[in-house]
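Asks: Make a model of this:
(2 chains)
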Amino acid sequence: MNPFVDDIVEILSTAAQLPATDVAELLAIPPDDSLGDYALPCFTLAKVLRKNPAQIAQDIADAAGPAIDGSTRLAAVQAAGPYVNVRLEKAAFIGWVLAAIGEQGESFGSQNQGAGRTVTIDFSSPNLARPFSIAHLRSTAIGHAIYRIHEFLGYRCVGINHYGDYGANFGQLLAAYQMWGDEQKVAADPVPELLALYVRFNDEVEKDPDLREESRSRLRRLADGDEEMVSLWRFFVDAGRKEAERIYGILGVHFDEYKGEGDFADDFDSVIGLFHEKGLAEESDGALIVRLKDEEGEEGAPCMLRTSNGTSTYHSRDIAALLYRKREHAFDKMVYVTDNRQALHFRQVFQTLSLAGIEWIDRCEHAPFGMMSFKGQALSTRKGRMVILEDVLDQAINLTREIIAEKNPDLKDADDVARQIGISAVVYADVSNRRTRDISFSLEEVLNFDGETGPYLQYTHARYCSILRRYGTAVDGEADPSRLGEPAEMRVARALGSFPGVLARAERENEPSYVATFLIDLATQANKLYNEVPVLIAEDPAVKAARIRLVDAVRGVLRTGMTLLGMSCPEEM
RNA sequence: GCCCCCGUAGCUCAGUCGGAUAGAGCAACAGAUUCCUAAUCUGUGGGUCGCAGGUUCAAGUCCUGUCGGGGGUACCA
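Replies: Purely as a prediction, here's the structure:
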């Protein structure tokens, strides 16, 4: 795939008289590019050859010398202690990267590894009884990025919103509404009114535990199809969905399927039938369970399919939903983007289906993410301690407006650009951390636009757009890159060249933060580049044209990467 | 008790398969704009990679134990 690496492997394996696969396996990248572009550590060879690794490195470098001299891609080979360092022919490497980007255009980075495959991604899936808080952004932003990355790699994607429209939260809402709700106020502006009712219920239930019965009885009536309860519940769900879809509109997130948990509450008989058939289901304390064992054979928490009251469970509903998805979408990969707390739940679901002989269960993955805390405390809707996502977005947008007014008062569509920057800043702050980390939300940090942030990426992109705009004429895709080779140019090219590998890893591990880290690196190198070498004021027109090609490539890859993370890319800011 | 995640600079975090001197950003301080947008760039200070063993030529990275934080552990989802 990379002819430069292929050449190094071929030459060094011949020189060292080693199998090519061994050399490819050992090949590393030196910590500093002044040492070289690739390195072969010789420690492991020392044992076999019974020689000092530095001597081995020297021998290999000597033996490889002539072949390197004859190579158009490789410039030099040198032993440095126990390492054989190889330097690339810079202009050739930059030219190769530019050619690849030129050929593949906007699809550069994709190796089309998802062609012919379908992935279903369950993400965001908010509980509609609660407001859309900053904590919901995690699953939404991470899931959306995973969706876009898969789509870019050629997968057919089905984004599923498995929203919560079922369970105790709704009982609480029904009770609170009927006890204290003001029909007109709720009808006029449901979201904040319902939130207030929800918080009040949880507040009062602490003082008066008997209130729980108010909730439970209504839940029973709902389950029995009581008309009053059903129509109220429907109203709550509709209001919650409208609100969620409004937020998705702001974020630019799209789902291919909306199905609530409640949609799988009634058809779980088939799930139970499946486990009865296999002889796996058994009665225990009135509930129906499947016993599970961990790796050591110890009995762990069982998977409960039906409660002693005869109702469905989180497990049976999720299993029903999963079977439905397999039938409906015939996925090759299924990703659940939920918080870490549900790790055991998914292990149980997967293990239970595995016991039942469902062989495709190994294509299902849980992509967990860490908890979000706020000022050292967990966010809790029940206790009214929460950060409403839209408030954060609004603050980010307003701050951006101020910055634009100060730095670029003549910017046209300033309001639109402020929205793009503010929203992307918040999204970036979320997807830039590795998924499994617990993150502490800090408004101050999200609203700092200096350094490794969303606006930094957008700024770099906008500056590159600006260079191309001022260049005036179309980019010459044939401009000769042989005049390039400045260290700054080489570093940018190396970053560009790493994009396909980064995306492959991001897909494999369902980890969008790899793309975020990549973009910061690319933008950093790109910013250094225009500080170090002149582009528009380059004296030699041939050099200028070649640099413009490089600038255009950076602009394109920045745009692709930011889009994959769900960010927008204004051309001016 | 058992299971999962996390622990790297004052703060927030990177760190592919174990490789050369552990890196960024923020905050602090000092610089760079007659020149492509200073939301940028350059420099300075800042480290017992939680701790202890082990494996290895080589450990932030792998193994065991331990401490600290968070979460989970059959009728919430």
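
Asks: Tell me if the strand or helix carrying A:Tyr530 is near RNA strand B.
Replies: Here A:Tyr530 sits within helix A:513-532, counting by DSSP states H and E. Yes: judged by C-beta under 7 Å from any atom of the strand, helix A:513-532 and RNA strand B are in contact via A:513-514, A:517, A:520, A:524, A:527-528, A:530-531. (Glycine included, C-beta is placed from N, CA and C.)

Asks: hmm, who's touching that helix?
Replies: Under the contact criterion C-beta atoms under 8 Å, 6 or more residues apart in numbering, helix A:513-532 has outside partners A:145, A:149, A:428, A:431-435, A:452, A:456-457, A:460-461, A:463-464, A:467, A:486, A:488-489, A:491-492, A:494-496, A:498-499, A:502-503, A:505-506, A:550, A:554, A:557-558, A:561-562, A:564-565.

Asks: could I have that helix exported to PDB, CA atoms only?
Replies: Output of helix A:513-532 as PDB, limited to C-alpha atoms (Å, rounded to 0.1, in the frame of the first residue of the first chain):
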ATOM      1  CA  SER A 513     -10.900  10.400  19.000                       C
ATOM      2  CA  TYR A 514      -8.200   9.000  16.800                       C
ATOM      3  CA  VAL A 515      -9.500  11.200  14.000                       C
ATOM      4  CA  ALA A 516      -9.500  14.200  16.400                       C
ATOM      5  CA  THR A 517      -5.900  13.600  17.400                       C
ATOM      6  CA  PHE A 518      -5.000  13.200  13.800                       C
ATOM      7  CA  LEU A 519      -6.600  16.500  12.800                       C
ATOM      8  CA  ILE A 520      -4.800  18.300  15.600                       C
ATOM      9  CA  ASP A 521      -1.500  17.000  14.400                       C
ATOM     10  CA  LEU A 522      -2.300  17.800  10.800                       C
ATOM     11  CA  ALA A 523      -3.400  21.300  11.700                       C
ATOM     12  CA  THR A 524      -0.400  21.900  13.900                       C
ATOM     13  CA  GLN A 525       2.000  20.900  11.000                       C
ATOM     14  CA  ALA A 526      -0.100  23.000   8.600                       C
ATOM     15  CA  ASN A 527       0.100  26.100  10.900                       C
ATOM     16  CA  LYS A 528       3.900  25.600  11.200                       C
ATOM     17  CA  LEU A 529       4.200  25.300   7.500                       C
ATOM     18  CA  TYR A 530       2.800  28.700   6.600                       C
ATOM     19  CA  ASN A 531       4.700  30.300   9.300                       C
ATOM     20  CA  GLU A 532       7.900  28.700   8.000                       C
END
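
Asks: Rounded mean pLDDT for it, please.
Replies: Helix A:513-532 shows an average pLDDT of 96 in the prediction.

Asks: returning to what we had before: just the buried subset of the contacts of helix A:513-532, written out for PyMOL, thanks.
Replies: To isolate the buried ones among those in PyMOL, judged by 16 or more other C-beta atoms under 10 Å, type:
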select buried, chain A and resi 145+149+428+431+432+433+435+456+457+460+461+463+464+467+486+488+489+491+492+494+495+496+498+499+502+503+506+550+554+557+558+561+562+564+565
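
Asks: What lies in contact with stretch A:342-359?
Replies: Outside stretch A:342-359, the residues within contact range by C-beta under 8 Å, 6+ apart are A:274-275, A:278, A:280, A:290, A:292, A:301-303, A:314-315, A:318-319, A:322, A:336, A:338, A:361-362, A:364, A:366, A:368.
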